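Trainee: This is the structure alone, sequence omitted:
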C-alpha cells in the first residue's frame, strides 16, 4: 500500500499547484517507480493519463526510478494509444490492488446470469415474508463459527445490493463442507426467516459458483 510519508509528499506538492501529468507528480512528490505503480493500480493516476487506466499503468511502469534524474528534466511521456480495459478487467485490477472495487460491484456484472439461474439479490430477499423459499448468491465476506454456537456456521454474502446473513446447521455443514469453507462466490438455497429487523437465510443447499468470477481474487474474514 501507500506509505504515510509518500501520501504526505503528494499532498504538499498538490497544495502548491495541481499535477499536470504523471511525470510532474513523480518529480514534485519525489516518487519512485514502486510508488507510481501503487497509485496506478489503485486507479489514482487515471486523471493524469487521459482517463485511460492502462495508459496510467504504462506511464507508472516507464517512470525513471532514480529521483535525481527526474529533477530539473523535461520528459517525453507520450504513450501508445492503449484501448480502455474492459470493466471486468478493471474490477479484477481493483481487487488485486486494494481488495475492493472503485467501480461497480462484480456481481452487478453477473446479475443477468444469476437472474437466469433464479438467484435473488439481497434487495429482493429483504422483501420476502418469513418462511418463504429463498435463493441467494454473493461473495463470501465473513465466515464465523463461535465456540458457543454448537457447530453452527454463520456466513455473510455480499452482492451489489447489500448483504445476506446465512445460517448453516452442523449437519448441513458436514454435507457441504467444501462449498461452505472454500467458495468465494456461493449460492445458498433455503428458507428465509424474518423477525423485525433480524433477517437471515437458513441454508438447505450450497453450490460453489466461484467459476463465474474468473480471475477475480476474493477473501473472506474467517472466524472459524
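Mentor: The structure has been received and is ready for your questions. None of the values given here were measured: they were computed from a predicted structure.
Trainee: can you give me the helices in this protein?
Mentor: Under the criterion DSSP state H, the chain contains helices at 4-16, 22-29, 33-41, 53-62, 67-70, 87-98, 106-116, 122-125, 170-175, 177-182.
Trainee: Ranked by average pLDDT, which of those helices falls at the bottom?
Mentor: When the helices of the chain are ranked by mean pLDDT, helix 67-70 comes last with a mean of 39.
Trainee: Can you give me the buried ones in stretch 8-25?
Mentor: 9, 10, 13, 19, 22, 23, 24, 25 (16 or more other C-beta atoms under 10 Å). To be clear about C-beta, it is placed using only N, CA and C from the backbone, and glycine gets the same treatment.
Trainee: Equivalent analysis for stretch 188-197, please.
Mentor: Buried residues in stretch 188-197 (16+ other C-beta under 10 Å): 188, 189, 190, 192, 193, 194.
Trainee: Pull the most distant pair out of those.
Mentor: 189 and 194 (17.0 Å; C-beta to C-beta).
Trainee: quick check: domain ranges of the protein?
Mentor: Taking automatic domain parsing as the criterion, the chain consists of the domains 4-85, 106-223.
Trainee: In TSV: the buried residues of stretch 188-197, plus distance to residue 158.
Mentor: Output for those, formatted as TSV (distance: C-beta to C-beta, whole Å):
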residue	distance to residue 158
188	12
189	18
190	17
192	17
193	19
194	19
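Trainee: Could you measure from the residue lying closest to residue 107 once chain neighbours are set aside over to residue 139?
Mentor: Closest residue to residue 107 apart from its sequence neighbours, by C-beta to C-beta, 6 or more residues apart in numbering: residue 159 at 4.2 Å. Relative to residue 139, residue 159 is positioned 7 Å away (C-beta to C-beta, to the nearest Å).
Trainee: Pick out whichever of those two has more residues nearby.
Mentor: residue 159 (26 against 23; other C-beta atoms under 10 Å).
Trainee: Now do the more buried one against residue 188, distance only.
Mentor: Separation of residue 159 from residue 188 (C-beta to C-beta) stands at 12 Å.
Trainee: picking that back up, in this structure the residue nearest to residue 107 contacts residue 141, no?
Mentor: No. Counting by C-beta atoms under 8 Å, residue 159 stays clear of residue 141, with 10.4 Å between them.
Trainee: Tell me which of the buried residues of stretch 188-197 fall in strands.
Mentor: 188, 189, 190, 192, 193, 194 (DSSP state E).
Trainee: separation between the last one and residue 180?
Mentor: Going back to what we said before, that points to residue 194. In this view, residue 194 and residue 180 are 23 Å apart by C-beta to C-beta.
Trainee: So for the spatially closest residue to residue 186 that is not a sequence neighbour, what's the pLDDT?
Mentor: Closest residue to residue 186 apart from its sequence neighbours, by C-beta to C-beta, 6+ apart: residue 140 at 5.2 Å. Per-residue pLDDT puts residue 140 at 90.
Trainee: Isn't residue 140 up against residue 181?
Mentor: No. With contact defined as C-beta under 8 Å, residue 140 does not reach residue 181; the gap is 9.3 Å.
Trainee: These two: which has the busier surroundings?
Mentor: Applying other C-beta under 10 Å to residue 140 and residue 181 shows that residue 140 carries more neighbours, namely 26 against 16.
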